[in-house]
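Visitor: How does the following fold in three dimensions:
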Amino acid sequence: MGQPQGTGPVRARDAERTRAEILRVATREFADKGFTGARVDEIAARTSTTKRMLYYYFGSKERLFVAVLETAYASIRAAEQEVDVDHLDPERALRRLAELTFDHHESHPDLVRLVTIENIHRAEHIARSDNLVRLAKPALEVLSRILERGRAAGRFRADVDALDVHMVISAFCVFRTANRHTFNTIFDRDMLDPAARAHYRAMLGDLLLSYLTTAP
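Guide: Down below sits the predicted model:
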């Protein structure tokens, strides 16, 4: 016998769509208003569900915020895994990975806001997520492979590890997005001006390679 209508795969798909919609709306709510300012009532009102169902899927506001953070981090980690850099020479591979991060942060400003908000809360929500720790590994593994190839070829200095490089890339990309408005107000320069995009994108790669190819 076939499954009754509204059960099995159909119900599972509906549940996934509802959960995805809640996460999409919650991402914007948390990014715009912070963890403290965000309201579960508002998130429920802007989705095709109820506050009761929202708690059914996520349990609490805190767990919803953790799920939002996990989704945001998973997005950039997935992008890093999709790019094929193993066939490129180490310099080009590193530049390509930096460009990917540059592009992703620019097109996902909510990620930058969420990370900033979580730092205000001293990473107390991330600390509750085993998934977020697990998601960090692939990014460092890709960078480690590139650095190892560069060192083996005598091109990269040996006193820099993958986490150092990840920090430099993140610092550049996050600053450009997170500080856009204050930087523009103080210095009258919009770091996200499309006319300057290629310049900053190339600058990031140049900075990394200049440092990595300089003898300690």
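Visitor: Okay, now the unreliable bits of this structure?
Guide: The chain contains residues with pLDDT under 70 at 1-13.
Visitor: can I see the domain layout of it?
Guide: 1-59, 65-212 (automatic domain parsing).
Visitor: Make a markdown table from these and add mean neighbour count to it.
Guide: From N, CA and C alone the C-beta is placed, and that goes for glycine too. A markdown table is the format used below for those (neighbours: other Cβ atoms under 10 Å):
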| stretch | mean neighbour count |
| --- | --- |
| domain 1-59 | 14 |
| domain 65-212 | 16 |
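Visitor: Which helix or strand lies directly C-terminal to the lengthiest helix in the chain?
Guide: Secondary structure of the chain per DSSP state H: the longest helix is helix 9-37. As assigned by DSSP states H and E, the chain's next helix or strand after helix 9-37 is helix 40-45.
Visitor: Show me what that next one is packed up against.
Guide: helix 9-37, helix 51-58, helix 61-82 (3 or more Cβ pairs under 8 Å, 6 or more residues apart in numbering; DSSP states H and E).
Visitor: swap the cut-off to 6 Å and go again
Guide: If contacts are counted by 3 or more Cβ pairs under 6 Å, 6 or more residues apart in numbering; DSSP states H and E, helix 40-45 sits against helix 9-37, helix 51-58.
Visitor: Just list what the longest one packs against, helices and strands only.
Guide: I take that to be helix 9-37. helix 40-45, helix 61-82, helix 109-120.
Visitor: do the shortest one as well
Guide: In terms of contact count using 3+ Cβ pairs under 6 Å, 6+ apart, helix 51-58 is assigned the packing partners helix 40-45.
Visitor: and residue 113, what is it in contact with?
Guide: Residues in contact with residue 113 (Cβ atoms under 6 Å, 6 or more residues apart in numbering) are residue 31.
Visitor: Now whichever helix or strand residue 208 is part of - C-alpha only, PDB.
Guide: Counting by DSSP H and E, the element that carries residue 208 is helix 197-212. What follows is helix 197-212, C-alpha atoms only, in PDB (Å, rounded to 0.1, in the frame of the first residue of the first chain):
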ATOM      1  CA  ARG A 197      36.300  45.800  -5.800                       C
ATOM      2  CA  ALA A 198      39.000  44.400  -8.200                       C
ATOM      3  CA  HIS A 199      41.600  46.500  -6.400                       C
ATOM      4  CA  TYR A 200      40.800  45.100  -3.000                       C
ATOM      5  CA  ARG A 201      40.400  41.600  -4.200                       C
ATOM      6  CA  ALA A 202      43.900  41.600  -5.700                       C
ATOM      7  CA  MET A 203      45.300  43.400  -2.700                       C
ATOM      8  CA  LEU A 204      44.300  40.600  -0.400                       C
ATOM      9  CA  GLY A 205      46.200  38.000  -2.500                       C
ATOM     10  CA  ASP A 206      49.200  40.300  -2.900                       C
ATOM     11  CA  LEU A 207      49.400  40.900   0.900                       C
ATOM     12  CA  LEU A 208      49.300  37.100   1.600                       C
ATOM     13  CA  LEU A 209      51.800  36.200  -1.000                       C
ATOM     14  CA  SER A 210      54.200  39.000  -0.100                       C
ATOM     15  CA  TYR A 211      54.300  37.800   3.400                       C
ATOM     16  CA  LEU A 212      54.500  34.100   2.700                       C
END
